[in-house]
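> have a look at this prediction, sequence included:
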Amino acid sequence: MRTRALFTIASLCLSMTVMGQAKLPKLMVVPSDVWCHENHCMMSYDVMGEEVMIPDYKKALQTSRELMNVIGKINTLMADRGFPLQDLSQTVKSIERTSQENSVLRTKTSGATLAESPVDKLRRTARADIILEVDWGVNTSGPKRSVTYNLRGLDAYSNKQVAGAEGTGAPSFSADIPVLIEEAIQNHMDPFTAQLRQHFDDLLENGREVTIELQVPDNGQDVDFETEYNGKELSEIIDDWMADNTVQHRFTKNDGTENYLLFEQVRIPVYRPNGMAMDADHFARQLRNFLKAAPYNITCKVVNRGLGRCLLVVGEK
């Protein structure tokens with residue numbers, strides 16, 4: 001009996017050690033788009049003649065002490081439950097420093113500056129594997145106030161909600177919004193973090209979801225997805241590569257023509273063999289290298305569209 005008990009304790013300790021060694025994806029708390037819009041913290045870019053609105057996190061952090069305190073409070077609550085978070089404020093500062101350094105860089109040969117498109121600037125927003133999006137409103141009833149909140153965990157690769165907590169806290173005489181937030185969400189944090197852990201377990205077992213697009217340029221070239229190699233169409237060859245390189249052969253082909261292929265719910269490994277995180281860009285580059293090699297010898301260009309989406313232009317760069 002004692003031997004069995006010792007074996008059980010040893011097994012639990014080993015399990016906890018393995019869990020402690022497992023890498024957890026990066027998490028970051030950000031204000032919701034609605035909060036940024038209501039507090040006039042949005043910026044716009046002109047992309048191909050279309051105005052794109054995105055949150056201006058730098059302005060939000062500089063103009064709202066309340067936001068800084070709320071993010072700090074949620075960071076603490078998550079850290080207490082074993083989830084250390086990447087800090088939005090420090091990340092924004094790091095991005096800004098990089099931008100300033102890039103603005104003064106010049107090439108040795110011609111003295112040219114670094115090329116940067118509006119899309120490149122959009123990508124320099126704070127990114128993490130899981131975004132914890134927080135929104136709140138204050139309710140007043142006489143001298144008492146309460147907070148109605150919404151906390152969502154969003155997978156940055158698939159844009160799917162993987163965890164959520166919402167509700168209204170008990171009325172309080174406290175005037176401190178972060179304290180009201182803490183009181184409101186305290187009872188929901190354990191179920192919230194349990195949902196996150198469940199999502200992490202699914203990622204490690206089944207891979208993370210990304211989207212891969214492949215498109216042939218309109219340049220009159222001879223290669224398209226119906227071109228045959230050893231009696232097999234290129235689209236079939238790419239299908240087979242996807243099956244061989246996705247986790248548990250899991251992917252969905254949602255569109256397929258002679259000029260365009262769309263693969264969604266593509267399950268890729270969370271980490272590369274060297275321990276670095278895998279994203280859609282790196283996965284697409286593996287496919288590019290496969291198509292570049294014999295017997296296909298097809299030139300391809302990888303266009304990064306974020307952590308979880310990538311376009312492969314097949315036929316030229």
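Yep, that arrived.

> check which helix or strand residue 194 maps to.
Taking DSSP states H and E as the definition, one finds residue 194 inside helix 189-206.

> how near is residue 312 to residue 264?
Distance check for residue 312 against residue 264: by C-beta to C-beta, to the nearest Å, it reads 14 Å. Where C-beta positions appear, they are placed from N, C-alpha and C, glycine not excepted.

> what about the closest residue to residue 290 other than its chain neighbours, distance to residue 63?
In space, and not counting its chain neighbours, residue 290 is closest to residue 241: 5.8 Å by C-beta to C-beta, 6 or more residues apart in numbering. Using C-beta to C-beta, residue 241 is found at 49 Å from residue 63.

> kindly report the same for residue 145.
22 Å.

> could you do residue 282 as well?
Counting by C-beta to C-beta - residue 282 and residue 63 are separated by 37 Å.

> over to residue 143?
Residue 143 is 28 Å from residue 63, by C-beta to C-beta.

> okay, the two: which has more neighbours?
A side-by-side neighbour count of residue 143 and residue 63, using other C-beta atoms under 10 Å, places residue 63 first with 13 against 9.

> which parts of stretch 205-220 are buried?
207-216 (16 or more other C-beta atoms under 10 Å).

> could I get these in JSON lines, plus columns for distance to residue 54?
Formatted as JSON lines, the buried residues of stretch 205-220 follow (distance: C-beta to C-beta, whole Å):
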{"residue": "207", "distance to residue 54": "28"}
{"residue": "208", "distance to residue 54": "23"}
{"residue": "209", "distance to residue 54": "23"}
{"residue": "210", "distance to residue 54": "21"}
{"residue": "211", "distance to residue 54": "20"}
{"residue": "212", "distance to residue 54": "24"}
{"residue": "213", "distance to residue 54": "22"}
{"residue": "214", "distance to residue 54": "27"}
{"residue": "215", "distance to residue 54": "25"}
{"residue": "216", "distance to residue 54": "31"}
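
> narrow the residues you listed to those in strands?
208-215 (DSSP state E).

> widest-spaced pair of those?
With C-beta to C-beta as the measure, no two of these lie farther apart than 208 and 215, at 23.1 Å.

> residue boundaries of the strands in the stretch 151-300 of the chain?
161-168, 208-215, 228-229, 232-233, 252-256, 260-268, 300-304 (DSSP state E, counting those that start in this stretch).

> mean neighbour count, these: which tops it?
strand 208-215 (a mean of 22; mean count of other C-beta atoms under 10 Å).

> partner strands of that one, with direction?
strand 260-268 (antiparallel), strand 309-314 (parallel) (DSSP bridges).

> distance between it and the chain's centre?
Here strand 208-215 is found 14 Å from its chain centre; the criterion is C-alpha atoms, centre = their mean, to the nearest Å.

> residues contacting that strand, please?
Residues from elsewhere that reach strand 208-215 (C-beta atoms under 8 Å, 6 or more residues apart in numbering): 155, 157-158, 160, 225, 238, 242, 259-268, 270, 278-280, 283-284, 287, 307-314.

> do the same with stretch 271-285
By C-beta under 8 Å, 6+ apart, stretch 271-285 touches 23, 25, 129, 157, 208, 210-212, 245, 266, 268-270, 302, 304-312.
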